[in-house]
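1. Show me the folded form of this:
(chains A, B and C)
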Amino acid sequence: MPEGPELHLASLFVNRLCGGVVFTGAVTKSEVSKSPGVAFSCAAYRISAASRGKEVRLTLTPIKSDDKRRGKAGEADRPVDIVFRFGMSGYFRFTPEDEVPKHAHLRFHSDERPRRVLSFVDARRFGSWRAGGSWQPGRGPCIMLEYSSFRQNVLSHLSDRAFDRPICEALLNQKYFNGIGNYLRAEILFRLNIPPFVQARGVLEDLHPEETKGQIPDKKTQEQKMVPDLLRLCHSIPLEVVNMGGKGYDPEKADYSDFEAWLQCYCVDGMSSVRDHNGRTMWFRGDPGPLVPKDSKSVKKRTKKDDHQDQKVAGTSSNNKKEKVIQRQTKKEKSSSEEETSGTVRRSERQRRTRSTDGK
DNA sequence: CGTCCACGTCTAC
DNA sequence: TAGACCTGGACGG
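-> Here you go, the predicted structure:
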């Protein structure tokens, strides 16, 4: 669940559930985790959280007790910050001690009875944390919480080579779009009908610096402001997810359906998808744009349960990096595939469940 | 059983 | 621009 909205929801989650809780003792780490242990131990401390883009920072604040029997060796008295990245599968849980989830790699123990545990859970372990530091240098301002400087940061660096890339790939660059991930880029570009593989600079260079405070907008400016531009949607669409209220963050199935219903493009039946230059799946509708990878393969969505269709578009070689499946391909098949997949292809013809054998 | 795929970085050739 | 890093769910045989 981890893109900007999920990270921010995680911070809200921690503040809501742990705000009044006193924690105690050491911060414990799973054996298997490669992230460094957190050298913090305290008889009584509180936990608060903040987020920035795709990072969450926990602050452990020791509670000053009246009796000054502090001074035990290793006892902290100053606040400690821990900055987390969630990888592909990280999230926080707060559970009774005997219900700590599998893959809980960093744990904070409450001073209650029965005890509860705040856990950083991360099945794939692509996530990480670092104690004592701050936000990762090089990551840009938060798309949700630092909108103004985010916008400024992008528009003042358009000469950067990063904006040579297709817009869909630039949107994953955390130096400029801290918080955007794979589902958000699809949803954002979809709502503006921007082809994903057009050069980023071209999409961005005409945008206003905006937020020109004190200036009375004339009618034209007002009209322009009615139409949210790309950078504004990089802010507002993630906030839509946040405002759904915990859905989309919680890995439990019950909440997940709401999030699924919110998606208009990403993994949605009838949309097209291709691998971008970094091997990430880009979901879109219509024209992919001129910078689409040459050997890209278009794929129709596979639905999970209901109608389990798994239909690929015939044609182009399957460029699966890992398995290196060498597919034969004929020019004829290729052209027919492009005809079917690239041109907006009104999918009026309901999802066909025909499994066209690809390139075989 | 097996293969493919996943909301993300990292670093090495 | 490839892998590497991981687990697990969905789906196919």
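
2. C-alpha only now, for contacts and for neighbours.
-> OK.

3. Now whichever residue of the stretch 1-150 of chain A sits closest to DNA strand C: closest residue in space that isn't a chain neighbour?
-> In the stretch 1-150 of chain A, no residue comes nearer to DNA strand C than A:Arg124, which is 4.0 Å away by CA to the nearest atom of the strand. Excluding the flanking residues, the one nearest A:Arg124 by CA to CA, 6 or more residues apart in numbering is A:Ser89, at 6.2 Å.

4. Low-confidence stretches in the stretch 201-350 of chain A?
-> Applying pLDDT under 70 to the stretch 201-350 of chain A flags residues A:210-226, A:246-254, A:296-350.

5. mind redoing it with 50?
-> Along the stretch 201-350 of chain A, the parts satisfying pLDDT under 50 run over A:213-216, A:249, A:301-350.

6. Please compute how far stretch A:263-280 lies from its chain's middle.
-> Relative to its parent chain, stretch A:263-280 has a centroid offset of 15 Å by CA atoms, centre = their mean, to the nearest Å.

7. What are the buried residues along that stretch?
-> By neighbour count with 16 or more other CA atoms under 10 Å, stretch A:263-280 contains the buried residues A:264-276.

8. Stretch A:13-30 now?
-> A:13-15, A:18, A:21-29.

9. what residues are up against the nearest residue to A:Val32 once chain neighbours are set aside?
-> Among residues not flanking A:Val32 along the chain, A:His105 sits closest, at 7.9 Å (CA to CA, 6+ apart). When contacts are counted by CA atoms under 8 Å, 6 or more residues apart in numbering, A:His105 touches A:29-30, A:32-33, A:119-122.

10. Please name the strands paired to the host helix or strand of A:His105 in the sheet, noting orientation.
-> Under the criterion of DSSP states H and E, A:His105 resides in strand A:104-109. Using DSSP bridges, strand A:104-109 pairs in its sheet with strand A:28-29 (antiparallel), strand A:116-122 (antiparallel).

11. Now render the ones you listed as a markdown table, adding mean pLDDT and distance to A:Ile63.
-> Shown next, in a markdown table, are the strands paired with strand A:104-109 (pLDDT from 0 to 100; distance: least, CA to CA, whole Å):
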| stretch | mean pLDDT | distance to A:Ile63 |
| --- | --- | --- |
| strand A:28-29 | 98 | 19 |
| strand A:116-122 | 98 | 18 |
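
12. okay, these in TSV with distance to A:Val198 next?
-> Converted to TSV, the strands paired with strand A:104-109 look like this (distance: least, CA to CA, whole Å):
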stretch	distance to A:Val198
strand A:28-29	45
strand A:116-122	35
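
13. Of the ones you listed, which is nearest A:Gln199?
-> strand A:116-122 (34.9 Å; CA to CA).

14. Tell me the buried residues in that closest one?
-> In strand A:116-122, counting by 16+ other CA under 10 Å, buried: A:116-122.

15. One more: stretch A:87-106?
-> A:87, A:89-94, A:96, A:100-101, A:103-106.

16. hang on, A:Val154 in a helix?
-> Yes - per DSSP: H, G, I helix; E, B strand; the rest coil, A:Val154 lies within a helix segment.

17. I'd say it and A:Asn178 touch.
-> No - at 11.0 Å, A:Val154 and A:Asn178 do not qualify as touching, with contact defined as CA atoms under 8 Å.

18. The two: who's more crowded?
-> Between A:Val154 and A:Asn178, counted using other CA atoms under 10 Å, A:Asn178 has the larger neighbour count: 25 against 22.

19. thought the more buried one was touching A:Gly140?
-> Yes - using CA under 8 Å, A:Asn178 is in contact with A:Gly140, at 5.4 Å.

20. ok, back up a step: torsion angles phi and psi at the residue nearest to A:Arg124?
-> phi -140, psi 10 (degrees, to the nearest 10).

21. show me what contacts it?
-> Contact analysis of A:Ser89 by CA under 8 Å, 6+ apart lists A:1-2, A:121-127.

22. same thing but at 7 Å, please
-> A:1-2, A:122-124 (CA atoms under 7 Å, 6 or more residues apart in numbering).

23. what's in contact with stretch A:181-188?
-> A:3, A:168, A:171-172, A:233-234, A:237, A:264-266, A:282-284.

24. so which of the strands paired with strand A:104-109 comes closest to DNA strand B?
-> It is, among the strands paired with strand A:104-109 and with distance given as CA to the nearest atom of the strand, strand A:116-122, at 11.5 Å.

25. need the next SSE after the closest one, C-terminal direction.
-> Defined by DSSP H and E, the subsequent element after strand A:116-122 is strand A:128-131.

26. Can you see whether that following strand contacts DNA strand C, counting any residue in it?
-> No - using CA under 7 Å from any atom of the strand, strand A:128-131 stays clear of DNA strand C, coming no nearer than 10.7 Å.

27. May I have that strand as PDB, with CA atoms only?
-> Coordinates of the C-alpha atoms in strand A:128-131 are reproduced here as PDB (Å, rounded to 0.1, in the frame of the first residue of the first chain):
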ATOM      1  CA  SER A 128      14.100   0.400   5.600                       C
ATOM      2  CA  TRP A 129      14.600   2.700   8.500                       C
ATOM      3  CA  ARG A 130      17.300   4.800   9.900                       C
ATOM      4  CA  ALA A 131      17.500   6.200  13.400                       C
END
